[in-house]
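Whatever this is, show me its structure:
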Amino acid sequence: MKFDKEVHRLEKAISKSDFVEARRIVELNLDKFKETSVRVHLKLDVLDFINTILMLNETKYEATFSRETLLIIQHINKLAYDGNFNALKRYCSLHEKILSNPKIYNLLSDNTKFLIPAPKGESIV
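Just a heads-up that it's a prediction; the model follows:
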């Protein structure tokens with residue numbers, strides 16, 4: 001079955017950390033990966049990857065966040081987690097405009113929100 005080959009290729013790509021290829025495989029077969037009968041047989045790391053792709057493809061995230069913005073948020077969270085405060089301060093000053101958006105600020109981890117003040121004039125949910 002062709003789809004079994006795709007599952008095998010996806011597992012292989014994720015195990016090699018080839019996430020570009022893995023994302024391409026998931027997006028080409030998105031309807032199949034949404035089926036419960038298929039999801040039951042997947043490895044946990046593959047299932048987690050598919051869930052992340054599905055979340056990113058939801059319409060509420062599609063218009064708001066670009067891939068670049070998500071990578072910036074991920075890097076800011078990593079700097080806060082590692083305790084690299086000088087680099088965090090410099091990096092956040094470069095991306096003040098992005099961090100002034102309350103929707104993006106809500107994506108920050110709790111560690112990061114503790115270190116970075118909330119945007120002014122907006123209520124954070």
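
just for the protein, where's the confidence low?
By pLDDT under 70, the low-scoring segments of the chain are 1-3, 59-64, 121-125.

and after the helix or strand V26 falls within, which helix or strand comes next?
Per DSSP states H and E: V26 is located in helix 19-28. Next in sequence after helix 19-28, counting helices and strands by DSSP H and E, comes helix 30-34.

Report the distance from the next helix or strand after that next one to the chain centre.
In the C-terminal direction, the helix or strand that comes right after helix 30-34 (DSSP H and E) is helix 36-39. On the basis of Cα atoms, centre = their mean, to the nearest Å, helix 36-39 sits 22 Å off its chain's mean C-alpha point.

Which residues does helix 36-39 contact?
Identification of contacts with helix 36-39 by Cβ atoms under 8 Å, 6 or more residues apart in numbering yields 3, 7, 32-33, 47, 50. Where you see a C-beta, it was placed from the backbone N, CA and C, and this is true even at glycine.

which of the residues in it are buried?
Across helix 36-39, burial judged by 16 or more other Cβ atoms under 10 Å covers V38.

Using CSV, write out every CA atom in that helix.
C-alpha atoms of helix 36-39 as CSV (Å, rounded to 0.1, in the frame of the first residue of the first chain):
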residue,chain,number,x,y,z
THR,A,36,-7.9,7.7,13.8
SER,A,37,-7.3,4.3,12.3
VAL,A,38,-3.9,5.5,11.0
ARG,A,39,-3.0,7.6,14.1
